[in-house]
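Visitor: dropping a prediction and its sequence here:
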Protein chains: 2
Amino acid sequence: MAPKSTVVTTEPKDGPTDPRMQRSRSAVIDATRQLLRDHGFAGVSIEAVSALSGVAKTTIYRQWPDCDHLLLDVFVSAKGAVPVHDTGDLRHDLIAGLRMLASELTSGDMASLLPAMIEASERSPAFRALNEAFIAAKRAPLRDRLRVAVKRGDLRPGLDIETLMAVLAGPLFYRRLLLHQPIPKAFVDDLVDLVLGGAAQ
Amino acid sequence: MAPKSTVVTTEPKDGPTDPRMQRSRSAVIDATRQLLRDHGFAGVSIEAVSALSGVAKTTIYRQWPDCDHLLLDVFVSAKGAVPVHDTGDLRHDLIAGLRMLASELTSGDMASLLPAMIEASERSPAFRALNEAFIAAKRAPLRDRLRVAVKRGDLRPGLDIETLMAVLAGPLFYRRLLLHQPIPKAFVDDLVDLVLGGAAQ
DNA sequence: ACGCTTCGCTACGGTGGCGTAGCGAAAAGG
DNA sequence: CCTTTTCGCTACGCCACCGTAGCGAAGCGT
């Protein structure tokens, strides 16, 4: 059920592969992503992917040993960091960065794959490792920006960056995954203002 | 695949049912929960539940039309609100309430079922409706306590309660579901202090 | 002790997905 | 143009799970 627990090496660094391989490969991954989005985990099978993508079942088995490895590649294909620029204005930068995260959470690959990734991370070490690398990459720019802000004196000195990141990003995921509500821009604004200014009277 | 989309009526309000029915019923639900926790969604099937619970397959089919309805009942059986008392000290009450939420997220039914619930909510309206009712029940005490605090003047007047709740609860879910890290008590303390006091210099 | 209900068991046909083998067609590369 | 690789297709055996039928045994309420 779970992939080989050794190492996650789902990226062969693209050697001199045949262009035909590339085509079928992306067709398969696209179809898998679509199945995952439309019918959830239970809807993904080699046969269904074959039927939807038009790629023969045998061809799929030539590139992936089983369904889990295919799913791993689907998740790998959805990476990309959320840029957080430094304009000098912390509030502005945070709002811009979090708005981008919010839009990724409500549309795009991350929106449709995240729930499945979370579920997969619970049971398989390989998925968990991939997921953690994925999240870490996403978090890096925000963490860097916050560190600069602390060093610059825009934030309180003793502040724990990890806590701060959780307070900024967590509410967006909470709203997306638990409440199933959209994330309006005003929500991000309120969030940043609340975190920066505090809630107490 | 999805249950009847009509109404979620998975609670017959326990009429005069046979004690035997109760026994097999709870055995089945326990086994299903265990399978869901240990092997994820894919590990749940009527046959597996039957084998693990010791309840005959035919008996299961006599009480549930399919696997989805069984899963619905598993989720229903895991409810319960998080109490947030009012001692007059807002900071103390928030820390106490959030610590309890944190412990529920890292151990107990909610910890093992939440990821599956999230995934299920993405594809099935019935699961989504159930999940939303579940979350709403969990949120009520915290919301009430925050409203009292606003009215009492412990919090800024114009504060949006929804935003504030997301800022308080979101980071815990974020840490649990995305980072897969434990939630130490100090994290909850930092969180509450950060939200109440603000991050800015 | 009596009926009635529920249970466990076995057996069954049907379905869908798995993973492999073999082959001719097509396309890339030199 | 010719070799090599990949592809698509068919066919296959296998297995897990589905959902139902029938029946005797066991447990409940009275």
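Guide: Yep, that arrived. Residues are numbered from 1 along each chain as shown, chains lettered A, B, ... in the order given.
Visitor: how far away from the center of its chain is stretch A:21-38?
Guide: Remark: stretch A:21-38 is offset 17 Å from the chain centroid, using CA atoms, centre = their mean, to the nearest Å.
Visitor: pLDDT below threshold where in chain A?
Guide: Along chain A, segments meeting pLDDT under 70 span A:1-16, A:201.
Visitor: which secondary structure element contains the most centrally placed residue in it?
Guide: Centroid-nearest residue in chain A, with CA atoms, centre = their mean: residue A:110, separated by 4.9 Å. Element membership of residue A:110 [criterion: DSSP states H and E] is helix A:109-123.
Visitor: cool, residue A:32 as well?
Guide: Under the criterion of DSSP H and E, residue A:32 resides in helix A:19-39.
Visitor: closest residue of chain A to chain B?
Guide: Closest residue of chain A to chain B, CB to the nearest CB: residue A:198 (2.5 Å). Where C-beta positions appear, they are placed from N, C-alpha and C, glycine not excepted.
Visitor: which stretches of chain A form helices?
Guide: With DSSP state H as the criterion, chain A has helices at A:19-39, A:46-53, A:57-63, A:67-76, A:90-106, A:109-123, A:125-152, A:161-173, A:185-197.
Visitor: one step back: helix A:161-173 and the helix holding residue A:110, what's the angle between them?
Guide: Angle between the axes of helix A:109-123 and helix A:161-173 is 110 degrees (criterion: axes from the mean of the first three to the mean of the last three CA atoms, to 10 degrees).
Visitor: hang on, the earlier thing: need the helices of chain A in a markdown table with distance to residue B:123, can you?
Guide: Shown next, in a markdown table, are these (distance: least, CB to CB, whole Å):
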| stretch | distance to residue B:123 |
| --- | --- |
| helix A:19-39 | 6 |
| helix A:46-53 | 14 |
| helix A:57-63 | 23 |
| helix A:67-76 | 16 |
| helix A:90-106 | 17 |
| helix A:109-123 | 9 |
| helix A:125-152 | 18 |
| helix A:161-173 | 19 |
| helix A:185-197 | 25 |
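Visitor: distance of residue A:22 from DNA strand D?
Guide: For residue A:22, the distance to DNA strand D (CB to the nearest atom of the strand, to the nearest Å) stands at 8 Å.
Visitor: what of residue A:196?
Guide: From residue A:196 over to DNA strand D the distance is 51 Å, taken as CB to the nearest atom of the strand.
Visitor: was I right about that residue contacting residue A:91?
Guide: Yes: counting by CB atoms under 8 Å, residue A:196 does reach residue A:91; the two are 6.2 Å apart.
Visitor: returning to what we had before: from residue A:97, how far off is the residue lying closest to the residue nearest to the centre of chain A once chain neighbours are set aside?
Guide: Nearest residue to residue A:110, sequence neighbours excluded (CB to CB, 6 or more residues apart in numbering or on different chains): residue A:104, at 4.7 Å. Separation of residue A:104 from residue A:97 (CB to CB, to the nearest Å): 11 Å.
Visitor: overlap of the contact sets of those two?
Guide: Shared contacts of residue A:104 and residue A:97 (CB atoms under 8 Å, 6 or more residues apart in numbering or on different chains): residue A:82.
Visitor: count the neighbours of residue A:186 for me.
Guide: Residue A:186 has 10 neighbours, counted by other CB atoms under 10 Å in any protein chain shown.
Visitor: show me what contacts residue A:149?
Guide: A:90, A:155.
Visitor: how about the residues of chain A by DNA strand C?
Guide: Residues of chain A lying close to DNA strand C by CB under 7 Å from any atom of the strand are A:18-20, A:45-48, A:57-58, A:61, A:66-67.
Visitor: now do the buried residues in stretch A:155-172.
Guide: A:155, A:159, A:162-172 (16 or more other CB atoms under 10 Å in any protein chain shown).
Visitor: now do that stretch: distance to the chain's middle.
Guide: Relative to its parent chain, stretch A:155-172 has a centroid offset of 19 Å by CA atoms, centre = their mean.
Visitor: repeat for stretch A:67-76
Guide: Relative to its chain's centre, stretch A:67-76 lies at 14 Å (CA atoms, centre = their mean).
Visitor: buried sites along that stretch?
Guide: A:67-75.
Visitor: in JSON lines: those, plus distance to residue B:122.
Guide: Listed next are those as JSON lines, based on distance: CB to CB, whole Å:
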{"residue": "A:67", "distance to residue B:122": "19"}
{"residue": "A:68", "distance to residue B:122": "19"}
{"residue": "A:69", "distance to residue B:122": "23"}
{"residue": "A:70", "distance to residue B:122": "19"}
{"residue": "A:71", "distance to residue B:122": "15"}
{"residue": "A:72", "distance to residue B:122": "19"}
{"residue": "A:73", "distance to residue B:122": "21"}
{"residue": "A:74", "distance to residue B:122": "15"}
{"residue": "A:75", "distance to residue B:122": "15"}
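Visitor: around residue A:25, how many other residues sit close by?
Guide: Number of residues near residue A:25 (other CB under 10 Å) recorded here: 18.
Visitor: next up, the contacts around it.
Guide: Contacts here follow CB under 8 Å, 6+ apart; on that basis residue A:25 touches residue A:63.
Visitor: now do 10 Å
Guide: Taking CB atoms under 10 Å, 6 or more residues apart in numbering or on different chains as the contact definition, residue A:25 lies against A:17, A:55, A:59-60, A:63-64, A:73, A:77.
Visitor: so which two of those are the farthest from each other?
Guide: A:59 and A:77 (18.0 Å; CB to CB).
Visitor: nearest residue to residue A:144 in space, please, no chain neighbours.
Guide: With sequence-adjacent residues excluded and distances taken as CB to CB, 6+ apart, residue A:144 is closest to residue A:84, at 7.4 Å.
Visitor: and that neighbour, what does it touch?
Guide: Each residue near residue A:84 by CB under 10 Å, 6+ apart is listed here: A:93-94, A:96-98, A:100-101, A:139-146, A:148.
Visitor: ok, residue A:123 next?
Guide: A:1-2, B:36-43, B:115-116.
Visitor: what do you get if the cut-off is 7 Å, keeping everything else the same?
Guide: B:39-40 (CB atoms under 7 Å, 6 or more residues apart in numbering or on different chains).
Visitor: circling back to that earlier point, just the residues of chain A next to DNA strand C that are near chain B?
Guide: Restricting the residues of chain A next to DNA strand C to those touching chain B (CB under 7 Å from any CB of the partner chain) yields no residues.
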